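> Provided below are the primary sequence and the corresponding predicted coordinates.
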Amino acid sequence: MSMIQESSSPAVSSPEEGIPPSPVRIQEPWYVREAVIRVWDGLSILVSYWGSFQWLQPEETASQLWGGGLAVVLFYLVAEIAGLYRNWRGVPVRQEILCALWSWAFTLLGLGGLNLATGLASLLERNTVLVWTTAGAALLIAGRLAVRGGRQLLHRLGYNIRCFAVVGVNRLGFQLARSIQQSPELGLQFLGFYDDRTNGRTPAIPPELGTRIGTIDELVEHARQGRVEVIYISLPLRAEGRIRSILDRLSDSTASVYLVPDFFAFQLLHSRWTTINGLPVVSVFENPFYGVDGLVKRLLDLVLGTFFLLLAAVPMLVIALAIKLTSPGPIFFRQRRYGLDGREIRVWKFRTMYVCEDGPNIQQAKPDDDRVTPIGRFLRRTSLDELPQLFNVLGGSMSLVGPRPHATAHNELYRKKIRGYMLRHKVKPGITGLAQVEGFRGETDTLEKMEKRIEYDHKYIREWCLWLDLKILVRTVRAVLSRQNAY
């Protein structure tokens with residue numbers, strides 16, 4: 001960290017002031033790490049396969065060795081599709097581990113399918129498969145933890161550290177500096193900020209982030225001397241002229257330079273970089289369930305959805321009989337809702353009211369609503385009226401977890417009042433969602449309540465991961481038992 005004190009004008013410092021000496025460098029290109037991890041993964045699968053046979057089926061070891069090689073080939077194919085061997089630097093280790101475990105799981109599913117079709121692996125005993133599965137997963141995880149731990153050890157010893165600076169004393173620059181400092185695996189040491197503007201024209205730098213080092217002229221000089229090796233430009237997009245000028249001057253150095261677009265001006269939903277014939281583009285509003293993530297979420301819906309439906313089969317039959325015997329009308333109520341990408345779907349529910357409203361004007365249920373049947377009141381309080389939506393999940397029009405679908409009439413009303421309302425339809429609607437477990441279930445009798453629900457729907461889409469879905473499902477049980485806002 002630079003210890004230079006700020007003044008009313010940009011600091012003028014010598015090239016030596018506040019800039020640490022160049023660190024000891026051990027070159028480790030990401031593709032070298034990729035090669036090491038690839039070899040480790042292959043060996044992990046083979047060793048765990050051979051070891052499980054030696055332990056539990058030693059008489060079959062020689063005749064079954066071909067299975068390990070087939071597993072390695074299939075794992076590499078699945079890993080390529082999942083993007084397991086991309087550059088994970090700066091990404092939390094849990095995400096890399098989850099990707100590896102899912103690749104391993106799909107590999108085993110593929111092998112199981114081949115076994116059913118050909119019977120080639122019929123000699124494998126259940127305990128052998130279980131030990132191989134567990135040992136293989138453990139070794140895949142251990143390799144990644146070892147690589148990351150080794151890199152962090154080198155960083156702590158002062159090896160392979162690169163010095164970086166941020167151009168732009170602004171909110172984006174502050175967030176960038178914090179994010180990098182919270183990612184020690186990047187091996188980046190923060191020097192400070194550079195900006196030509198005076199202190200009066202820029203926000204105060206938080207004390208924990210250091211200080212302003214100097215002007216752009218001094219940045220260029222430090223970069224030429226090799227004392228600033230990585231530069232992040234966090235100027236706003238409208239400052240194109242300034243950015244071009246800085247880039248032109250930095251081209252006379254060997255520093256790595258990155259542009260950090262200021263997307264605070266936009267309501268980001270889910271962003272990712274891609275290219276179209278070499279032209280880089282970034283998504284602003286996009287579905288997060290692409291590639292292996294979409295496959296994993298759909299698999300979770302099918303597996304857990306089937307399990308929940310089997311558990312609920314008898315209670316659903318009892319509920320159906322109770323509805324039929326206690327009030328006139330159909331057992332089920334199908335209402336038009338918006339699904340993925342705003343396409344209309346029909347959502348199944350147990351009928352809980354004397355009426356079946358599905359027109360342009362729909363009144364939300366309220367406490368002591370006289371439209372609700374006696375059995376319907378119990379079903380709504382316990383959320384058992386939502387059980388038929390498991391058919392929607394298995395059919396693919398809904399997911400177990402996602403933004404709750406609103407009646408079409410409510411969608412048309414609130415899309416005109418709440419900015420970004422329709423973005424919740426970039427994913428499938430869910431039986432439960434983040435907004436519901438955060439306390440925003442039931443009637444939204446004020447605009448503020450609906451805005452808060454939409455805020456959590458957007459947060460779910462931005463931050464989705466498999467672990468978040470599982471946490472929401474567990475929290476849903478607690479929310480249902482509390483019966484808060486359910487009537």
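Everything's here; your move.
> Buried residues, the helix of greatest length in the chain. List them.
In the chain, with assignment by DSSP state H, the single longest helix is helix 292-326. For helix 292-326, burial by neighbour count (16 or more other C-beta atoms under 10 Å) applies to 292-293, 296-297, 300-301, 304-305, 308-309, 316, 319, 322-323. All C-beta atoms are positioned from the backbone trio N, CA, C, and that covers glycine.
> Follow the chain on from it and name the next helix or strand.
strand 332-338 (DSSP states H and E).
> got the buried residues for that next one?
Buried residues in strand 332-338 (16+ other C-beta under 10 Å): Phe333, Arg334, Gln335, Arg337, Tyr338.
> and stretch 430-442, average pLDDT?
Confidence for stretch 430-442, expressed as mean pLDDT, is 88.
> For it, which outside residues touch it?
365, 386, 389-390, 393, 398-404, 449, 452-457, 459-460, 468, 472-473, 475-476, 478-479, 484-487 (C-beta atoms under 8 Å, 6 or more residues apart in numbering).
> Let's see that with 7 Å instead.
386, 389, 393, 398-404, 449, 452-453, 456-457, 459-460, 472-473, 475-476, 479, 484-487 (C-beta atoms under 7 Å, 6 or more residues apart in numbering).
> Just the buried ones among those, please.
The buried subset of these - by 16+ other C-beta under 10 Å - is 386, 389, 393, 398-404, 452-453, 456-457, 460, 472-473, 476, 479, 486.
> Keep only those of those that are in strands.
Ser399, Leu400, Val401 (DSSP state E).
> So the spatially closest residue to Pro236 that is not a sequence neighbour versus Gln57, what's the distance?
Leaving aside its chain neighbours, Pro236 sits nearest to Asp262 (4.7 Å; criterion: C-beta to C-beta, 6 or more residues apart in numbering). Asp262 is 60 Å from Gln57, where distance means C-beta to C-beta, to the nearest Å.
> do Val72 as well
Val72 is 19 Å from Gln57, by C-beta to C-beta.
> circling back: relative to Phe350, which of the buried residues of strand 332-338 is nearest.
Phe333 (7.1 Å; C-beta to C-beta).
> Which strand residues bridge the closest one?
Lys349 (DSSP bridges).
> pretty sure it contacts Val347?
No: in this structure Phe333 lies outside contact range of Val347 using C-beta atoms under 7 Å: 8.9 Å.
> List the residues that contact Ile45.
Ile45 neighbours (C-beta under 7 Å, 6+ apart): Gly68, Ala71, Val72, Phe75, Gly136.
> list the helices and strands the host helix or strand of the fourth one packs on?
Phe75 belongs to helix 65-82 when assigned by DSSP H and E. Packed against helix 65-82 by the contact rule (3 or more C-beta pairs under 7 Å, 6 or more residues apart in numbering; DSSP states H and E) you find helix 30-56, helix 93-118.
> Pull that helix out as PDB, backbone CA atoms only.
These are the backbone C-alpha positions of helix 65-82, laid out as PDB (Å, rounded to 0.1, in the frame of the first residue of the first chain):
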ATOM      1  CA  LEU A  65      -8.900 -52.100 -16.200                       C
ATOM      2  CA  TRP A  66     -10.400 -51.000 -19.500                       C
ATOM      3  CA  GLY A  67     -13.300 -49.300 -17.500                       C
ATOM      4  CA  GLY A  68     -10.900 -46.800 -16.000                       C
ATOM      5  CA  GLY A  69      -9.700 -45.700 -19.400                       C
ATOM      6  CA  LEU A  70     -13.200 -45.300 -20.700                       C
ATOM      7  CA  ALA A  71     -14.100 -43.200 -17.600                       C
ATOM      8  CA  VAL A  72     -11.200 -40.900 -18.200                       C
ATOM      9  CA  VAL A  73     -12.200 -40.300 -21.900                       C
ATOM     10  CA  LEU A  74     -15.800 -39.700 -20.900                       C
ATOM     11  CA  PHE A  75     -14.800 -37.400 -18.100                       C
ATOM     12  CA  TYR A  76     -12.600 -35.300 -20.400                       C
ATOM     13  CA  LEU A  77     -15.500 -35.000 -22.900                       C
ATOM     14  CA  VAL A  78     -17.900 -33.900 -20.100                       C
ATOM     15  CA  ALA A  79     -15.400 -31.500 -18.600                       C
ATOM     16  CA  GLU A  80     -14.900 -29.700 -22.000                       C
ATOM     17  CA  ILE A  81     -18.600 -29.200 -22.300                       C
ATOM     18  CA  ALA A  82     -18.800 -27.900 -18.700                       C
END
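> Report the separation between Leu219 and Leu191.
In terms of C-beta to C-beta, Leu219 sits 10 Å off from Leu191.
> overlap in contacts of those two?
Contacts common to Leu219 and Leu191, judged by C-beta under 7 Å, 6+ apart, are Ala165, Val228.
> so what pLDDT did the closest residue in space to Trp102 that isn't next to it in sequence get?
In space, and not counting its chain neighbours, Trp102 is closest to Val296: 5.8 Å by C-beta to C-beta, 6+ apart. pLDDT, Val296: 83.
> same thing with Gly90?
So Gly90 comes in at 66 (pLDDT).
> again with the one 10 residues further on
If you check Ala100, the pLDDT there is 92.
> so how far is Pro92 from it?
In terms of C-beta to C-beta, Ala100 sits 13 Å off from Pro92.
> Equivalent analysis for Pro315, please.
Distance from Pro315 to Pro92, by C-beta to C-beta: 40 Å.
> the helices in this structure, which residues?
Using DSSP H, helices in the chain cover 30-56, 65-82, 93-118, 126-156, 171-181, 216-224, 240-250, 292-326, 374-382, 389-395, 408-414, 434-437, 447-463, 466-482.
> got the angle for the third one vs helix 65-82?
So that's helix 93-118. 130 degrees (axes from the mean of the first three to the mean of the last three C-alpha atoms, to 10 degrees).
> before we move on, what about the longest one?
Relative orientation of helix 292-326 versus helix 65-82 (the same axes, to 10 degrees): 90 degrees.
> any idea how far Ile205 lies from Arg212?
Taken as C-beta to C-beta, the span from Ile205 to Arg212 is 6 Å.
> Can you work out which residues contact both of the two?
With C-beta under 7 Å, 6+ apart as the test, Ile205 and Arg212 both reach Val169, Phe193.
> and the two? which has more neighbours close in?
Arg212 (24 against 19; other C-beta atoms under 10 Å).
> So for that one, what's the pLDDT?
89.
> now it, nearest residue through space, not along the chain?
Nearest one to Arg212, counting by C-beta to C-beta, 6+ apart, is Phe193 at 4.8 Å.
> wait, what's in contact with the one you found?
Applying C-beta under 7 Å, 6+ apart, the residues near Phe193 are Val166, Val169, Gly173, Ile205, Arg212, Ile213.
> let's go with 8 Å and repeat that
So Phe193 contacts 165-169, 173, 177, 205, 209-213 (C-beta under 8 Å, 6+ apart).
> In the stretch 101-250 of the chain, where is pLDDT below threshold?
117-124, 155, 158-159 (pLDDT under 70).
> List the buried residues in the helix holding Phe75.
Neighbour-count burial for helix 65-82 [16+ other C-beta under 10 Å]: Gly67, Gly68, Leu70, Ala71, Val72, Leu74, Phe75, Tyr76, Val78, Ala79, Ala82.
> Which residues outside that helix are in contact with it?
So helix 65-82 is in contact with 38, 41-42, 45-46, 49-50, 85, 99-100, 102-104, 106-107, 110-111, 114, 120-121, 124, 291-292, going by C-beta under 8 Å, 6+ apart.
> mind redoing it with 7 Å?
Contacts to helix 65-82, defined as C-beta under 7 Å, 6+ apart, come from residues 41-42, 45-46, 49-50, 85, 99, 102-104, 106-107, 110-111, 121, 292.
> if I look at Gly294, how far off is Gly110?
In terms of C-beta to C-beta, Gly294 sits 18 Å off from Gly110.
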